[in-house]
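**Q** For reference, the sequence and a predicted model appear below.
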Protein chains: 2
Amino acid sequence: MATPQPSPKSYGIVLFPQFEVLDAAGPLEILNMLAFLSQNDEMKLSVIAQTLDPVNPGPIAPATLSANFNGQQHYLPTHTFDTAPPLDVLIVPGGRGTRASDETLKPLLGFLRTTYHGREGVKPLQYIFSICTGSLLLAKAGILTGHRATSNKKAWDLVTRSPESGQTHWVAKARWVVSGNVWTTSGVSAGIDGMVALVGEVYGEETAGKVCDAVEHSRVRDAGDDPFAEMNGCRDVLPVG
Amino acid sequence: MATPQPSPKSYGIVLFPQFEVLDAAGPLEILNMLAFLSQNDEMKLSVIAQTLDPVNPGPIAPATLSANFNGQQHYLPTHTFDTAPPLDVLIVPGGRGTRASDETLKPLLGFLRTTYHGREGVKPLQYIFSICTGSLLLAKAGILTGHRATSNKKAWDLVTRSPESGQTHWVAKARWVVSGNVWTTSGVSAGIDGMVALVGEVYGEETAGKVCDAVEHSRVRDAGDDPFAEMNGCRDVLPVG
């Protein structure tokens, strides 16, 4: 068992262009319901992006396609990378935006790195939690070095063969993976099950069960229960050297 | 089998204060992925609210609690009730905002009614699709008269005993219910399964399966597969008189 820690109070989620909508909304719904059911007014959320401009999940490649659908969903940040408060938990969604250029991703990766490790006068995170290809961002930020992790099963090769992914044991058959304080989940809807598991760890299984019942979600209880790994022919990828 | 109709092109979702985040994001994710996988640039989305101000799901009752968490999630509408384009499909989430006063709900209910039935020069909807207590809004708008419908299982009595709910057969053991062109789903996460079913009806089962696999969702295939009805002691409620 992990050493008991104080319950997290300051939650953050990063948003970036072309993030995946349910990657973000699934875990947020679980936490919204937790805050409501437990009447917890100590839980705070910061929605963090590079600027305070609305962030949207579209257009998706090719750029001219589907802009009218995905591109109409606009989410307003509350903080920038520079103004975000100290955090206990940081949620990192995936999506096509994780494949942006190094130049584009640089501020986001810097924020992830600094927030995870802490900085002068600011404690490191209690938990970092990525969904889907959000784990590619964690790898690129150097956070997955020496860790076990998982990712979206349709993007398996892209993520696990990325140059920054070589110091990680990528676990294929996993709905989610816990490695120290680094939680990574499989694709999109897996973020719901992973966050329920984190709620179970932090607030207890009874609370996690109540949250599931309230959102009428039949949870995946076993982190290894993942039919999508086999469906997509994914295998574990071990650290290099 | 229903008479074949042209595939919907113009989708809308209504947002209102204290809507439930996953009620909205679950079906949107399914449609986002559909648009992406099918490279469908004819699908358009309008995010519709009373004004163009950001809409957020908090604070939740009591008003002082959890405002810091839920209330930090801001969604930007693209259209108002007055500027929304003609729609083929309208998505109606639930949430605590469905219990607002008649006075507060009046513009929203008017929009639902007019959009569902059509108005001079504008065709009626092909489908209306509610999630969770969104069906209470449909009942209040008179749309459920003579229909079968379902709703959130924890809010079952509130919804089915509402004065406007008496002309509806409320089906307890249902993940979702299809009644003509009125689709209603059970609570929160059921919106994902319901929208997958609608995608199956409109675009075919193969497409629906591909969407599920891409978001790594193990779908509920049987509309009657609903453990939450029994868990909450819900029973069917027949129309009055």
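**A** Here it is on my side, so go on.
**Q** how much space between the closest residue to residue A:216 other than its chain neighbours and residue B:213?
**A** Nearest residue to residue A:216, sequence neighbours excluded (Cβ to Cβ, 6 or more residues apart in numbering or on different chains): residue B:187, at 3.8 Å. Every residue, glycine included, has its C-beta placed from N, CA and C. For residue B:187, the distance to residue B:213 (Cβ to Cβ, to the nearest Å) stands at 24 Å.
**Q** Of those two, give the one with the bigger neighbour count.
**A** Neighbours of residue B:187 and residue B:213, each counted by other Cβ atoms under 10 Å in any protein chain shown, are more numerous for residue B:187; the result is 29 against 20.
**Q** three-state assignment of the more buried one?
**A** coil (DSSP: H, G, I helix; E, B strand; the rest coil).
**Q** contacting residues for it?
**A** A:214, A:215, A:216, B:94, B:132, B:133, B:151, B:152, B:153, B:154, B:155, B:228 (Cβ atoms under 8 Å, 6 or more residues apart in numbering or on different chains).
**Q** who wins for most neighbours among the residues you listed?
**A** residue B:151 (36 neighbours).
**Q** that's a strand at that one, yeah?
**A** No - Residue B:151 is assigned coil when assessed by three-state DSSP, not a strand.
**Q** just checking, it touches residue B:131?
**A** No - assessed by Cβ atoms under 8 Å, residue B:151 is found out of contact with residue B:131, at 9.4 Å.
**Q** Quick check: neighbours shared by the two?
**A** Common neighbours of residue B:151 and residue B:131 (Cβ under 8 Å, 6+ apart) are residue B:94.
**Q** Can you list the low-confidence ranges for chain A?
**A** A:1-5, A:60-67 (pLDDT under 70).
**Q** residue closest to the middle of it?
**A** Centroid-nearest residue in chain A, with Cα atoms, centre = their mean: residue A:130, separated by 2.0 Å.
**Q** That residue bridge partners, please.
**A** residue A:92, residue A:184 (DSSP bridges).
**Q** any idea how far chain B is from it?
**A** 14 Å (Cβ to the nearest Cβ, to the nearest Å).
**Q** what is the orientation angle of the strand or helix carrying residue A:26 with helix B:21-37?
**A** Following DSSP states H and E, one finds residue A:26 within helix A:21-37. With axes from the mean of the first three to the mean of the last three Cα atoms, to 10 degrees defining the directions, helix A:21-37 sits at 170 degrees from helix B:21-37.
**Q** Can you show me the CA trace of helix A:21-37 as PDB?
**A** The C-alpha trace of helix A:21-37 is given here as PDB (Å, rounded to 0.1, in the frame of the first residue of the first chain):
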ATOM      1  CA  VAL A  21     -13.100  15.900 -26.100                       C
ATOM      2  CA  LEU A  22     -13.900  12.800 -24.000                       C
ATOM      3  CA  ASP A  23     -10.300  12.400 -22.800                       C
ATOM      4  CA  ALA A  24     -10.900  15.600 -20.900                       C
ATOM      5  CA  ALA A  25     -14.600  15.300 -20.100                       C
ATOM      6  CA  GLY A  26     -14.700  11.800 -18.900                       C
ATOM      7  CA  PRO A  27     -12.300  12.300 -15.900                       C
ATOM      8  CA  LEU A  28     -13.800  15.800 -15.300                       C
ATOM      9  CA  GLU A  29     -17.300  14.200 -15.000                       C
ATOM     10  CA  ILE A  30     -16.000  11.700 -12.400                       C
ATOM     11  CA  LEU A  31     -14.500  14.500 -10.400                       C
ATOM     12  CA  ASN A  32     -17.600  16.800 -10.800                       C
ATOM     13  CA  MET A  33     -19.700  14.000  -9.400                       C
ATOM     14  CA  LEU A  34     -17.200  13.300  -6.600                       C
ATOM     15  CA  ALA A  35     -17.300  17.000  -5.600                       C
ATOM     16  CA  PHE A  36     -21.100  17.000  -5.700                       C
ATOM     17  CA  LEU A  37     -21.700  13.700  -3.900                       C
END
